[in-house]
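okay, predicted coordinates and the sequence, questions at the end:
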Amino acid sequence: ALSGEVNVGDTLWLSSLNLPLRVRALHAQNQSVTRAQAGERIALNIVGDVEKAQIARGDWLLSQARAEGTTRLTVALRLLQPLKSASQPIHLHHAASHVTGRITLLADDVAELVLNQPLWLAENDRLIIRDSNAQHTLGGARVLLLNSKKRGKRQAEYLAWLQQLAAAQDDDASLQAHLAYQPTERRDLAWARQLTEPALDALIEHAAPVQLDNALMSAAQAAQWRQKLLESLAHFHQQHPEMPGIGHDRLRRVAMPHQPAEWVLALIDQLLAQGQLQQRQGWLHLPDFEPRFNPQEEALWQQVGPLFGDQPLWVRDIALALQQDEQAIRSLLLTAARLGHITAIVRDRYYRSDQIQIFADLIRSRAAQEGSTSAADFRNQLGTGRKVAIQILEFFDRSGFTRRRGNDHLLRDDRLFPVSSA
């Protein structure tokens, strides 16, 4: 037993097949026992949906499921003799496992290993490296990183980070080193350092990283991401004054399109909880983005508001109907849109917002029934023209409520346009 403990009746997972097995009986040091632990030579009587022939030398019995092993990893090297080339085939031994693969030097004492069969590894595991003929031992290696990135492996910043990982002497130093370069998932950290849930919780409490759902991030990086989100929203307010705000997923795509969605959305939720962001009817906006009519606009809106029925209106048509300056009407409608009274489906063309809500409810209904909606749905069910229907759907695409796939429009961010009480 390499680590942990096992009791009669426990469920363990067979690594190569990711199948559960129950421990029916135990022997430790040739004695029948009910509990065994790391360091003891043990035999397990196991039962489950697996045949004896499916269990092979080098398989592991794990306390938690780990669906996939590692096939691309980074190691610290201790060579007995120089490699023949910067990249060459090798034989690799880990515990009772023997696989083949390729070693590629990244620096004098750091290399990437790409394996032909997966191995179930943890950080600091020791490996033996032999040449392609399995005749000579080239040296040993210590696991630094279980999943190497595929590009930019020789960048100075990345190599410096690998040296920081190599120098980490304990779990706390390893976590700090990981977070210095990128966020990490709780489950990945627990596996890499072989930590039980209580031990992981204690480590996180001591290190005090920012927690984003199941991910951990350094305070410095979280501050950078928050600032980027706030700056992107401020820029959006400037570029789209007719909009009451922006949807969660669209803000993520505008600010950090290449980062994992769940991390960015979790950070947005934190900004909302802290009051640095606010939302109205699903629209995110900055706290100081609080539009209101001045007395003159309030009086003018009393004339403009009743003009809106079930059909959209153009700015110019409203200005002509009331014999008002077109620019004054445009400014008024921008404020009314920010207040949520009306919504611009294209520049200078507005619907009452309750009509937009009806359209959004239709999209939700069609998504639940058919998986998507189309211009024909609006034309047939709501009596709009095809051109207006297309403008409506393109508005929903731009807002992030839907996304287009061919002629279909799929629901994307259900937090926008909350379901009406009616």
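Received it, and whenever you're ready, just let me know what you need.

have a look at the protein and report the helix or strand with the lowest mean pLDDT.
helix 375-382 (a mean of 80; mean pLDDT, DSSP states H and E).

what comes up buried for the very next helix or strand once past that helix?
Sequence order places helix 386-399 as the next helix or strand after helix 375-382, per DSSP states H and E. For helix 386-399, the buried set under the neighbour-count rule, 16 or more other CB atoms under 10 Å, comprises Val388, Ala389, Ile390, Gln391, Ile392, Leu393, Glu394, Phe395, Phe396, Ser399. Glycine gets a C-beta too; all of them are placed from N, C-alpha and C.

just name the closest of the residues you listed to Ala53, please.
Phe396 (56.0 Å; CB to CB).

I'd say the closest one and His409 touch.
Yes. Counting by CB atoms under 8 Å, Phe396 touches His409, with 6.6 Å between them.

okay, and the common contacts of these two?
Common neighbours of Phe396 and His409, counting by CB atoms under 8 Å, 6 or more residues apart in numbering, are Ile363, Thr402.

tell me how far Ala67 lies from Leu200.
Relative to Leu200, Ala67 is positioned 19 Å away (CB to CB, to the nearest Å).

out of the two, which sits in the more crowded spot?
Taking neighbours as other CB atoms under 10 Å, Ala67 and Leu200 compare with Leu200 leading, 18 against 7.

which elements pack onto the helix or strand hosting that one?
Leu200 is part of helix 197-207 when elements are defined by DSSP H and E. Of the remaining helices and strands, those touching helix 197-207 by 3 or more CB pairs under 8 Å, 6 or more residues apart in numbering; DSSP states H and E are helix 171-181, helix 186-193.

adding mean neighbour count, mean pLDDT and distance to Ala376, write the ones you listed out as TSV.
Formatted as TSV, the helices and strands packed on helix 197-207 follow (neighbours: other CB atoms under 10 Å; pLDDT from 0 to 100; distance: least, CB to CB, whole Å):
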stretch	mean neighbour count	mean pLDDT	distance to Ala376
helix 171-181	18	90	50
helix 186-193	18	90	45
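
tabulate the ones you listed (a markdown table), appending distance to Ala134.
What follows is the helices and strands packed on helix 197-207, written out as a markdown table (distance: least, CB to CB, whole Å):
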| stretch | distance to Ala134 |
| --- | --- |
| helix 171-181 | 32 |
| helix 186-193 | 29 |
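
mind splitting this structure into its structural domains?
Listed by automatic domain parsing, the domain ranges of the chain are 5-62, 70-156, 168-208, 220-285, 305-422.

those into CSV, with extra columns for distance to Asn214?
Shown next, in CSV, are the domains of the chain (distance: least, CB to CB, whole Å):
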stretch, distance to Asn214
domain 5-62, 20
domain 70-156, 16
domain 168-208, 5
domain 220-285, 8
domain 305-422, 20
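
out of the ones you listed, which gets nearest to Pro291?
domain 305-422 (3.8 Å).

pull out the buried positions in stretch 313-328.
Leu313, Val315, Ile318, Ala319.

narrow the residues you listed to those in strands?
Taking DSSP state E as the definition of strands, these contribute Leu313.

ok, of the buried residues of stretch 313-328, which one's closest to Leu233?
Out of those, the member with the shortest distance to Leu233 (by CB to CB) is Val315, at 25.9 Å.

excluding its backbone neighbours, what's nearest the closest one?
Asp348 (4.2 Å; CB to CB, 6 or more residues apart in numbering).

pLDDT at the one you found, what is it?
Asp348 carries a pLDDT score of 92 in this model.

that one: how many residues sit nearby?
Counted with other CB under 10 Å, Asp348 comes out at 17.

try Ile55
Neighbours around Ile55, by other CB under 10 Å: 15.

so it sits against Ser15, correct?
No. Contact status for Ile55 versus Ser15: not in contact, 10.1 Å apart, counting by CB under 8 Å.

beta-bridge partners for Arg403, please?
Under DSSP bridges, the beta-bridge partners of Arg403 are Leu410.

so it sits against Phe396, correct?
No. Using CB under 8 Å, Arg403 is not in contact with Phe396, being 9.1 Å away.

ok, which stretches of the stretch 301-422 of the chain are helices?
For the stretch 301-422 of the chain, the helices defined by DSSP state H, counting those that start in this stretch occupy 315-322, 326-338, 353-369, 375-382, 386-399.

pull out the buried residues from the longest one.
Burial within helix 353-369, assessed by neighbour count using 16+ other CB under 10 Å, is assigned to Ser353, Gln355, Ile356, Gln357, Ile358, Phe359, Ala360, Leu362, Ile363, Arg364, Arg366, Ala367.

and which of those is nearest to Gln88?
Ala367 (53.5 Å).

list the contacts for that closest one?
Contacts of Ala367 (CB under 8 Å, 6+ apart): Thr373, Leu410, Leu411.

quick check: the gap between the second one and Phe401.
So the one you mean is Leu410. For Leu410, the distance to Phe401 - CB to CB - is 10 Å.

Ala376 now?
According to CB to CB, Ala376 stands 19 Å off from Phe401.

which one's more surrounded, the two?
Taking neighbours as other CB under 10 Å, Ala376 and Phe401 compare with Phe401 leading, 26 against 11.

that one touches Phe417, doesn't it?
Yes. Judged on CB under 8 Å, Phe401 makes contact with Phe417 at a distance of 6.1 Å.

can you list contacts of the longest helix along the chain?
Counting by DSSP state H, the longest helix found in the chain is helix 219-239. Under the contact criterion CB under 8 Å, 6+ apart, helix 219-239 has outside partners 179, 183, 208-210, 212, 217, 243, 245-246, 251, 254-256, 259, 264, 267-268, 270-271, 276-277, 284-286, 289.

okay, and which of the residues you listed map to strands?
Reading strands off those with DSSP E, I get Val210, Leu212, Met217, Leu284, His285.

most neighbours out of these, which is it?
Neighbour max across those (other CB under 10 Å) = Leu284, 24 neighbours.

got the contact list for that residue?
Leu233, Gly245, Ile246, Gly247, His248, Leu251, Ile268, Leu272, Leu277, Gln278.

at 10 Å what do you get?
229, 233, 236, 244-248, 250-251, 268, 271-272, 277-278, 415-416 (CB atoms under 10 Å, 6 or more residues apart in numbering).

over to Glu394?
Here Glu394 is in contact with Ile345, Val346, Ala375, Thr402, Arg404, His409 (criterion: CB under 10 Å, 6+ apart).
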